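Colleague: mind folding the following:
(3 chains)
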Amino acid sequence: MNEGNFRLRELAERVGAKIQGDGDANIIGVAKLESAGPDQLAFCASDRFRSALEATRAGAVIVKEEHAGVCPASALIVNDPYYAYAEIANLLHPRVRAEPGVHPSAVIADDAMLAEGVSVGPAAVIGEGARLGKNSEVGSGVYIGAGAVIGDDCWLAPGVYIGHNCTVGSRVMLHAGVVIGSDGFGFAPGPEGWRKVPQLGAVVLGDDVDIGANSTIDRGAIEDTIIGNGVKLDNLIQIAHNVTIGINTVMAGCTVVAGSTSIGKNCVIGGQSAITGHIDICDGVTVMGMTGVTNSIREAGVYASPIPAHPAKSWRRNVVRFMQLDDMAKRLKNLEQKLTGK
Amino acid sequence: MNEGNFRLRELAERVGAKIQGDGDANIIGVAKLESAGPDQLAFCASDRFRSALEATRAGAVIVKEEHAGVCPASALIVNDPYYAYAEIANLLHPRVRAEPGVHPSAVIADDAMLAEGVSVGPAAVIGEGARLGKNSEVGSGVYIGAGAVIGDDCWLAPGVYIGHNCTVGSRVMLHAGVVIGSDGFGFAPGPEGWRKVPQLGAVVLGDDVDIGANSTIDRGAIEDTIIGNGVKLDNLIQIAHNVTIGINTVMAGCTVVAGSTSIGKNCVIGGQSAITGHIDICDGVTVMGMTGVTNSIREAGVYASPIPAHPAKSWRRNVVRFMQLDDMAKRLKNLEQKLTGK
Amino acid sequence: MNEGNFRLRELAERVGAKIQGDGDANIIGVAKLESAGPDQLAFCASDRFRSALEATRAGAVIVKEEHAGVCPASALIVNDPYYAYAEIANLLHPRVRAEPGVHPSAVIADDAMLAEGVSVGPAAVIGEGARLGKNSEVGSGVYIGAGAVIGDDCWLAPGVYIGHNCTVGSRVMLHAGVVIGSDGFGFAPGPEGWRKVPQLGAVVLGDDVDIGANSTIDRGAIEDTIIGNGVKLDNLIQIAHNVTIGINTVMAGCTVVAGSTSIGKNCVIGGQSAITGHIDICDGVTVMGMTGVTNSIREAGVYASPIPAHPAKSWRRNVVRFMQLDDMAKRLKNLEQKLTGK
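Modeller: Numbering: from 1, shown residues only, chains lettered A, B, ... in the order given. Sure thing, here's the model as predicted:
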């Protein structure tokens, strides 16, 4: 771990916290309530952790007002301890950045443009006319296609692939193995099988986008696939061609979004969900994990569909009944009519 | 975009279209009905796009006979506009091919055989005895194991992995991060945990296969995993060992096929489906997205199982009832017997 | 195939088998009952293969006592033919190991420590302070971050990524494209969107772990993500931050485990399952494929939840009824009360 070194007072200022206790305490890192030592900072975001808070040996703890009284250590009192923790953890443990410069084994087109502070790792390939903004880091083995544009302060982990003409905003993090701008899945059925439909659009990623390891985002068929500012995608997610995702929407791992679907702003999509193609999901929708979204959603709210695991013996019986459900419904109706005469 | 330049007449000839309007019109690219300009070609495949067709400013539009009357531009009249579009888009926007030749940083075994026109990108590795057919392109960082055989006119995107002894047909496209010939998931339970079962088969891909980014196809345990001619797989698909897939079957993203299952010809498998191991699916089966196929399917047709998303409040109630479904069915039967005496 | 050459007698000794027939028979490889020739060994693990056994032309077959009588070839008689097969197949077809040594195009930090017998492939990158144990093999294009520790006799396939400070045990196999130690999916919601929470933990993989192609395991948020000894994960699996998996648990392809969940020892998790975050699954749990585990499981046994595929026409009707299930249950209750007066 790469540790900073701050007085508690300095940290309080950064996050607008009220201090309780020793503002001069030296803090060199973060840790959990249970394992933090006297020069470490922990946080307590909910009552669930109250007993851990009471027993902590941390040097200081970020707490809500309501927990300040039971905090045995110095405290930073804020409204949202988790958010303040995120801020402070970034200060105390800044990401290790690669030294600017181009590794001699990287292969960079003559007319590619690399701004000040860019670093390019071993065996990376940067195509014709590609442009990289200030201080962006390109890991080993990354491929950036011709005409692609990467903003400032991006981090492209080793093995990332960016297809030709794709655009990446600033402060974007693409984790290992991410594929941006692979061909969309477009084939026209014909007499002798499927004919490939060339995928002529690109992918446009906004600013502050984060995409998890081995996720894939396909280029558009004619126009572009568009990922809005602040979107966060987890690992192993598949975004098909011509999808658009609105700003600040987050999506957990192994979810798939089929082609031409539009997802609004500030949505939260649970893991291993499947969202069908050519539908619209409005702003502010939460989809629980393992949910199949098969129709447009036009009202903000929480939506779900998973069947929860239960013991296989009863599951087997219930599943058989599921297959008979329409029949059951008709029989129920029948009985009601007999009894009520309606 | 890499644009061609054709007279409308030439395009009509290529796809056997009847021309309405100006056969001398110059066409340099394709675009959507809504955004096409006077030197671009659009297409209208269904009545859904009729109003866009009526308002288009495209130089020409590929239409069915029934829409020719309302097309405000020159028209190419065909039976299947989408298929004709695919043909023409490939003409107007041919894939940019890498220059033949081997990058000096590629590592190629002495006895590997590269046919005429092959290109090999930076840091690619080609193992002993591997063979590449005419005009095939190997992207940067690709790994081709010993004894692998790749046909003609293939495109292996950056980061593709081909295990030893695997065989790839001609005109195959493998998108970024595809893994062909990883070990199948075979372990024998024993007294001290799981014992790895060596995976001694390979993967055989037919001609005209297309495999999407980060998909994985495992090698067979003893014999081979076999993917037929013309099969198209989307991104993040997992094909387990000893699966066979018949010709022209297509599969959407995030689907998994478990070991030793056989899928027929001309099947269409929706996204995020799961097909269990050791079953047979006959020719001409369509499986909707998010469907769990747990038994063999012996009759062509459409199969499904997903529960669609609904508001979480009612979902919670329905799911509780699902867990009681067998009990409900018995109670229903009970009532019927009381009422009818049967 | 890389073949060994053994007398049947030697193989019998290795696996503690009783010989029936010619102990001097020469065996050079394994094959299926149906295709084995006179110098190959097959196995018959169940009655399902009895007719193939009776017709085999194999030189020898590994069988249970109960099948020895119908085996037309020499036989190795054991209690568990599949386990004995795994042992013998490893002997006859040992993995081809790379020659020790470092490829000149690999980029290795000055203070990285490589033990005896290590091989490092082209364009691999090994960061500062990383350590590799005896005879471990690092494929082409692999990235090993600063401070990572890899044990003895590991195999890291081409394109594997190991994040900084992650620890890998001995005899670990990581297949192509595996990502170990990508950032966990941690973001704190704030007034201007999501704030990244730095992921400060690492990943710890035990000994004898096997991880399938393109699977991803995220580093912990503060403490580590932990994968126990002998765990086997299939392809395209996502393990989120701070998950712990107990020894000898196996998991089939495309499964996702959300953050901070703990899975016990000797569990078997079916493919494309989804296990929610912050729950505990006890030892000895089997989860069938495509199951959603939404609550802790405290008792060993088999759990399930998938709805099996059925013809779309009846599926559509049943699904509509599912949405009305709570209503149906209430109506059923109503009828019961009318009929019984309760």
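Colleague: quick check: closest non-adjacent residue to A:Ala31.
Modeller: A:Gln40 (4.3 Å; Cβ to Cβ, 6 or more residues apart in numbering or on different chains). Quick note: C-beta positions are derived from backbone N, CA and C, even for glycine.
Colleague: err, A:Ala75, not the other one
Modeller: In space, A:Ala75 is closest to A:Gln20, 4.2 Å off (Cβ to Cβ, 6+ apart).
Colleague: one step back: what's the burial count for the residue nearest to A:Ala31?
Modeller: 22 (other Cβ atoms under 10 Å in any protein chain shown).
Colleague: what do you get for A:Asn26?
Modeller: 13.
Colleague: that one and A:Arg9 touch, don't they?
Modeller: No - between A:Asn26 and A:Arg9 there is no contact under Cβ atoms under 8 Å: 10.6 Å.
Colleague: where along chain A do the helices fall?
Modeller: A:8-15, A:50-55, A:65-68, A:81-92, A:312-322, A:325-340 (DSSP state H).
Colleague: buried residues, stretch A:90-97. List them.
Modeller: A:Asn90, A:Leu91, A:Leu92, A:His93 (16 or more other Cβ atoms under 10 Å in any protein chain shown).
Colleague: flag every residue of the stretch 1-150 of chain A that's near chain C.
Modeller: A:1, A:30-32, A:35, A:80, A:82-83, A:85-87, A:89-90, A:93, A:95-96, A:103, A:105, A:121-123, A:139-141 (Cβ under 8 Å from any Cβ of the partner chain).
Colleague: these in strands, which ones?
Modeller: A:Val30 (DSSP state E).
Colleague: just for the stretch 51-200 of chain A, where's the confidence low?
Modeller: Within the stretch 51-200 of chain A, no range satisfies pLDDT under 70.
Colleague: ok, and the closest non-adjacent residue to A:Gly145?
Modeller: A:His164 (3.4 Å).
Colleague: picking up where we left off before, the residue nearest to A:Ala75 reaches A:Cys71, doesn't it?
Modeller: Yes - counting by Cβ under 8 Å, A:Gln20 does reach A:Cys71; the two are 7.1 Å apart.
Colleague: with neighbour numbers in mind, choose between these two.
Modeller: More crowded of A:Gln20 and A:Cys71, by other Cβ under 10 Å: A:Cys71, with 23 against 20.
Colleague: how about that one, phi and psi?
Modeller: Main-chain dihedrals, A:Cys71, degrees, to the nearest 10: phi -80, psi 120.
Colleague: same thing with A:Gly284?
Modeller: Dihedral angles (degrees, to the nearest 10) for A:Gly284: phi 70, psi 20.
Colleague: not counting sequence-adjacent ones, nearest residue to it?
Modeller: A:Gly284 sits nearest to A:Ala300 (Cβ to Cβ, 6+ apart), 3.5 Å away.
Colleague: my read: the one you found touches A:Val285, true?
Modeller: Yes - using Cβ under 8 Å, A:Ala300 is in contact with A:Val285, at 5.8 Å.
Colleague: which one of these two is surrounded by more residues?
Modeller: A:Val285 (23 against 15).
Colleague: what's near enough to touch that one?
Modeller: Neighbour list for A:Val285: A:Ile263, A:Gly264, A:Cys267, A:Val268, A:Ile297, A:Ala300, A:Gly301, A:Tyr303 [criterion: Cβ atoms under 8 Å, 6 or more residues apart in numbering or on different chains].
Colleague: now those as TSV including distance to B:Met290 and pLDDT?
Modeller: Shown next, in TSV, are the contacts of A:Val285 (distance: Cβ to Cβ, whole Å; pLDDT from 0 to 100):
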residue	distance to B:Met290	pLDDT
A:Ile263	17	98
A:Gly264	21	98
A:Cys267	19	98
A:Val268	19	98
A:Ile297	16	98
A:Ala300	23	98
A:Gly301	21	98
A:Tyr303	14	98
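Colleague: most neighbours among the residues you listed, which one?
Modeller: The most crowded member of the contacts of A:Val285, judged by other Cβ under 10 Å, is A:Ile263 (27 neighbours).
Colleague: in contact with the residue nearest to A:Gly284, which residues?
Modeller: A:Cys282, A:Asp283, A:Gly284, A:Val285.
Colleague: kindly recompute the last result at 10 Å.
Modeller: Applying Cβ atoms under 10 Å, 6 or more residues apart in numbering or on different chains to A:Ala300 gives the contacts A:Gly264, A:Asn266, A:Cys267, A:Ile281, A:Cys282, A:Asp283, A:Gly284, A:Val285, A:Thr286.
Colleague: got it, and A:Val70?
Modeller: A:Cys44, A:Arg50, A:Ser51, A:Leu53, A:Glu54, A:Val63.
Colleague: so the last one sits against A:Asp47, correct?
Modeller: No - distance between A:Val63 and A:Asp47: 11.1 Å, which falls outside the contact criterion (Cβ atoms under 10 Å).
Colleague: domain parsing for chain A?
Modeller: A:6-92, A:101-303, A:310-342 (automatic domain parsing).
Colleague: B:Val256: which of those is closest?
Modeller: domain A:101-303 (10.6 Å; Cβ to Cβ).
Colleague: picking that back up, which of the contacts of A:Val285 sit farthest apart?
Modeller: Of all pairs in the contacts of A:Val285, the most separated under Cβ to Cβ is A:Ile263 and A:Gly301 at 14.6 Å.
Colleague: list the contacts of A:Val172.
Modeller: So A:Val172 contacts A:133, A:136, A:150-156, A:180, A:205-211, A:227, A:229, A:231 (Cβ under 10 Å, 6+ apart).
Colleague: now swap in A:Ile108 and tell me
Modeller: A:Ile108 neighbours (Cβ under 10 Å, 6+ apart): A:Val102, A:Leu114, A:Val120, A:Ala124, A:Val125, A:Ile126, A:Gly127, A:Glu128, A:Ala130, A:Leu132, A:Val138, A:Ile144.
Colleague: now for the third one, how many residues are close by?
Modeller: The local packing of A:Val120 (other Cβ under 10 Å) involves 28 other residues.
Colleague: surely it and A:Glu137 touch.
Modeller: Yes - A:Val120 lies in contact with A:Glu137 (Cβ under 10 Å); the separation is 8.2 Å.
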